[in-house]
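>>> make a model of this:
(chains A, B and C)
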Amino acid sequence: MRNQNLKRQLCAIAMGGVATLLLAGCAGGNDAAPAADRDLGTPVAGVVPEGVFDGVTLTYAASGGIFQDGQRDAAWDPFAKISGANFLQDAFDAGKLKAMVDSGNVTWDITNATQFDTARGCGTLYEEYDYSQVDISKVPEGTITDKCMVPNILYGLVVAYNTDAFGDNPPTSAADFFDTTKFPGKRTVSQSPYVDPQTVEFALAADGKDVNDVTVADIDVAFDKYRALGDDVIGWTSGAQAQQQLESGEAVMGLVWSGRGYGAAAAGAPVAPMWDEWMIMVDSTAIPKGVKDPQAAFAAVNFYLGAEQQARMTELTSYGPVNVDAKPKVDATLETWLTTEHLETGIAPNIDFWVENYDALSAAWASWVTGS
Amino acid sequence: MTLKRALGALAVLIVLWLLLPTLVIIPMSFNSAASFNFPPQGFSLQWYENFFTDPSWLRALGSSLQVALVTMVVATSLGIMAAIGLSKVKFRGKALLESYFLTPLIVPGIVIAIGLYSLFLRFNLLGTLPGFVLAHTVVALPLVIINVTASLQGVDPRLEQASATLGAGRLRTFFSITLPLIMPGVTAGALFAFVTSFDEIILSLFIQSPQLQTLPVKIYNSVTQASDPTVAAVAVIAMFTSVLVMLTAQFATRKRKRVSA
Amino acid sequence: MVDIASIRDRAPRSADGAGTSKQIREPKNWRPFLLLIPAFVIVSFFFLAPLIDVFIRSITDPMLGIQNYVWLFTTPTNMVVALRTFGTSFLVTIVCLLIAYPYAYLMTIVSDRTRNMLQLFIMLPLWTSILVRTLAWLVLLQDTGPINGLLEAVFGIGPLPLIRSTFGVALGMSQVLLPFMVLPIYSALAKIDKRLLPAAANLGARPVTAFFTVYLPLSRPGIFAGSVTVFILGLGFYIIPALLGSSKEIMMSALMYQQISGFLMWGHGTALGIFMLATTIVVLALVGRLAKGTSLFAGRVK
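Below is the predicted model:
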């Protein structure tokens, strides 16, 4: 009976504890009041009224490093200064985003996502844009690929090669990437946890296939091409790693993001891009579904799209601007890596196919990435 | 060569293997070139300069220290109570309860982290000081309990009973008799708790937010996202902090041992 | 025969009647339980509750049912990764055992001061964060790093893939886990009566025989405790395989993260997590059965 008393006391205390925690959770929860509707006038890219977002906190989530720092310095911090908002930076994680959206407690306001992410998640993970609040008149043609995005940056998946090894006889086609006799040495390819359809498309392009004619069976064909390289293929799981591998010379060739290739070159590594055949990449600026203050988020994105902001962003991150009027001041090295000059030889992705066949792609990608 | 000498030589090799790799970070942090390639190319203090002039690194350091201090206090208090409680209770499930407190040490961190993230998300604890402290306390608690229990075993229970018969209340007995006697274990446990929290990475990665980021999180992000050697300087600073705290723990324990013996 | 217990019970009582003997019948005191409550609550809310949450998700995301576990056991990649995780952990355990045993033995035959120093050196790596140590290995083992440089200069071997390989991961893990093997083994070795080996020699046994028939079996509790600790800790490692291994060496923890973060399949990821948890518990139970009497409270080993 003593024990029963004790048990009851313990239970009571435990219940009390749970109750307190729940109350704390609910009390300190999201602001119940919806975001106020401010009058911002007609949106003009790169412009935001002064002090209109005083006291508002916005968070931008992206993949970090120089990329995010550059965007922050070029657009988000100036926006914060003029509008009075408090702008925070966070590291993007798709799993966390889903958890946030599912739980209704969305703490990110703007994210950088791939155009495949927004195409797939439009309406479920990402909000549909209210384009009346964002000035998209200067956005490059064809870069708005679904209703849940405006472009974030214009860049590419390019072959970066070591000029010390292949300077005299550089690769000139996607097929050259897979030719280990003519171009011996290790190549680095994406094995990041995030599926990249364009890595698959690149292999198919090397076989002369048109990306608009892809079938599901082609997915395995593409991975087998990479697997056929055997030990000559190493993987990068992050942009930083890809850059590191190029810088250290571990890889003599890499299928990497143009910004990372530039990063290695700027650090003094002997790498150059191959523009004869490359994959055009457009990242999305996306708004998570259930965002707390959509008006502020759209205003920030609108500011981001300004010519001045885009020019500055390119200067800081080396990724291509998404405003046709932007005139970034670039040095010779950066100029060789700017994708905007080589759009004619670039291959645009077949987004619809990858959205439809995401499951097949991700299963194949999982196998590729885990080395099986 | 006697066995002892041979073993001694082996021990030296082992110690070198344990310590040298970490020491390689030190010259790296003085590299004048902006890369991770070893050997470093020249001497420069720029990475330390970067660290001390970058508000986000300093903020992360401050957050780490703050979280670690509070965790130390919370974990030590709870740990002392739990250790004493465990030493006094007698019931059938006692071994199970002991294991219960110790399991956070062996369960894969990432599993706890994922669950913690989803829980914290619901209760708005992400990136908050209480959230961090409570999460870190869970992994620091076992170390405090182990250390305090070890000390408690050397305490003669008759001392407590004697104090009681002399009229001292339970609390007074604890503070005047028990606590001084278990001080070595408490100090060791407290400092273990501090270092565990200061170096904690896996839970912190998931429960952080831009509002509160600890140093290990920033280091990890830097290693995986950027090729910035500043992280080597930060690593050296973090390393020295932990080692200094733990060395203090060792000396405090040993000094007390000599006194109470 | 003198009954010691009865003498103890007849020990003189103090003035106010309370016994001074340890055998005094203690009143069923519930107060100590109160002391346990705060710690119990914290551990329950911030450790047990998350685990329960993970479990619930594994059977409800995206729909109620065990489909995630079906996926887990029928997808070859998962089993390959699981085997690789067990294999690497096992390898690391053996390596640590082979290195730790002589070190621990040395600790028993040196002077007190030397022993304290040896213990300090073993503990020192534990005090630096695992992240810092992994970073150091990353720098050392990379293709253009000093180790490869040394190999090339002295032995003329081309750059070996030291990172992005099981070797690199095992090396990093062994360094981190070694202290967890040394301390329990030392603890057990210290309790072995030092006169046993000379006694065996006296009875005619050769040193090697004496070691295998007398010393080694007596050190078994320490070996078990250390091996179990190292193996279980190794199973859950995330940072080291993530930074030192390539995707080809992916281990369970990273696979779990990949499912959740890369594929947004919380159901799959949490199922993997519960699987990791279950294997940990099974290993503990199995070894607990094999090494009876060894509790997690090392000090209590009698």
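>>> tally of neighbours for the residue in the stretch 51-200 of chain C positioned nearest to chain B?
Nearest residue of the stretch 51-200 of chain C to chain B: C:Ser129, at 3.5 Å (C-beta to the nearest C-beta). For glycine as for every other residue, the C-beta is placed from the backbone atoms N, C-alpha and C. When counting by other C-beta atoms under 10 Å in any protein chain shown, one arrives at 26 neighbours for C:Ser129.
>>> identify the residues contacting it.
B:198-199, B:201, B:216, B:238-239, B:242 (C-beta atoms under 8 Å, 6 or more residues apart in numbering or on different chains).
>>> alpha carbons of the helix or strand containing A:Ala205, as CSV, please.
Secondary structure assigned from DSSP states H and E places A:Ala205 in helix A:197-206. Output of helix A:197-206 as CSV, limited to C-alpha atoms (Å, rounded to 0.1, in the frame of the first residue of the first chain):
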residue,chain,number,x,y,z
PRO,A,197,18.4,14.6,-62.2
GLN,A,198,20.9,16.6,-64.3
THR,A,199,23.8,14.3,-63.3
VAL,A,200,21.7,11.6,-65.0
GLU,A,201,20.9,13.7,-68.0
PHE,A,202,24.6,14.5,-68.4
ALA,A,203,25.5,10.9,-68.8
LEU,A,204,22.6,10.4,-71.3
ALA,A,205,23.8,13.5,-73.3
ALA,A,206,27.2,11.9,-73.4
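>>> what packs against the next helix or strand after that helix?
Next along the chain after helix A:197-206, taking DSSP H and E as the criterion, comes helix A:217-227. Applying 3 or more C-beta pairs under 8 Å, 6 or more residues apart in numbering or on different chains; DSSP states H and E, we find helix A:217-227 packed against helix A:197-206, helix A:358-369.
>>> hmm, who's touching the first one?
With C-beta under 8 Å, 6+ apart as the test, helix A:197-206 has contacts from A:116, A:157, A:173-175, A:177-178, A:189-190, A:211, A:214, A:218-219, A:221-223, A:225-226, A:255, A:277, A:279, A:281, A:347, A:349-350, A:354, A:361.
>>> and what of the longest one?
Outside of helix A:358-369, the residues within contact range by C-beta under 8 Å, 6+ apart are A:116, A:120, A:191-193, A:195-197, A:200, A:216, A:219-220, A:223, A:226-227, A:235, A:354, C:77, C:247, C:250, C:258, C:262-263.
>>> tell me the mean pLDDT over it?
Over the span of helix A:358-369, the pLDDT mean works out to 87.
>>> same check on stretch B:193-204?
92.
>>> end-to-end on it?
Counting by C-alpha to C-alpha, to the nearest Å, you get 15 Å between the two ends of stretch B:193-204.
>>> how about it against chain A, any contact?
No - contact between stretch B:193-204 and chain A is absent, the nearest approach being 12.5 Å (criterion: C-beta under 8 Å from any C-beta of the partner chain).
>>> where does residue 151 fall, helix, sheet strand or coil?
Defaulting to chain A. Under DSSP: H, G, I helix; E, B strand; the rest coil, A:Pro151 falls in the strand class.
>>> that was the other one, I meant chain C.
helix.
>>> buried residues in the lengthiest helix in chain B?
Looking across chain B with DSSP state H, the single longest helix is helix B:55-88. Going by neighbour count (16 or more other C-beta atoms under 10 Å in any protein chain shown), the buried part of helix B:55-88 is B:57, B:60-61, B:63-65, B:67-68, B:70-72, B:74-88.
>>> right, is stretch B:15-25 up against chain C?
Yes - interface with chain C: stretch B:15-25 contributes B:15, B:17-19, B:21-25 (C-beta under 8 Å from any C-beta).
>>> correction: stretch A:152-164
No - Stretch A:152-164 is not in contact with chain C by C-beta under 8 Å from any C-beta; minimum separation 13.0 Å.
>>> pLDDT (mean, whole number) over that stretch?
93.
>>> so where does A:Asp179 fall, helix or strand?
Per DSSP H and E, there is no helix or strand for A:Asp179.
>>> ramachandran coordinates for the closest residue to it other than its chain neighbours?
With sequence-adjacent residues excluded and distances taken as C-beta to C-beta, 6 or more residues apart in numbering or on different chains, A:Asp179 is closest to A:Pro171, at 7.9 Å. Taking degrees, to the nearest 10, you get phi -70, psi 140 for the backbone angles of A:Pro171.
>>> is it true that A:Pro171 touches A:Leu255?
No - with contact defined as C-beta atoms under 8 Å, A:Pro171 does not reach A:Leu255; the gap is 11.1 Å.
>>> so where do the strands sit in chain A?
A:57-62, A:86-91, A:110-114, A:150-162, A:187-190, A:233-236, A:253-257, A:271-286, A:346-347 (DSSP state E).
>>> and the fourth one with strand A:271-286, angle?
Between the axis of strand A:150-162 and that of strand A:271-286 there is an angle of 160 degrees, by axes from the mean of the first three to the mean of the last three C-alpha atoms, to 10 degrees.
>>> same question for the helix holding A:Ala205, mean pLDDT?
Mean pLDDT, helix A:197-206: 94.
>>> mind listing what's buried along that helix?
For helix A:197-206, burial by neighbour count (16+ other C-beta under 10 Å) applies to A:197-206.
>>> of those, closest to C:Ile239?
Closest to C:Ile239 out of these is A:Thr199 (26.2 Å), distances taken as C-beta to C-beta.
>>> count of residues packed around the residue of the stretch 1-150 of chain A found nearest chain C?
Going by C-beta to the nearest C-beta, chain C is nearest to A:Gly95 of the stretch 1-150 of chain A, at 3.7 Å. A:Gly95 has 23 neighbouring residues, counting by other C-beta under 10 Å.
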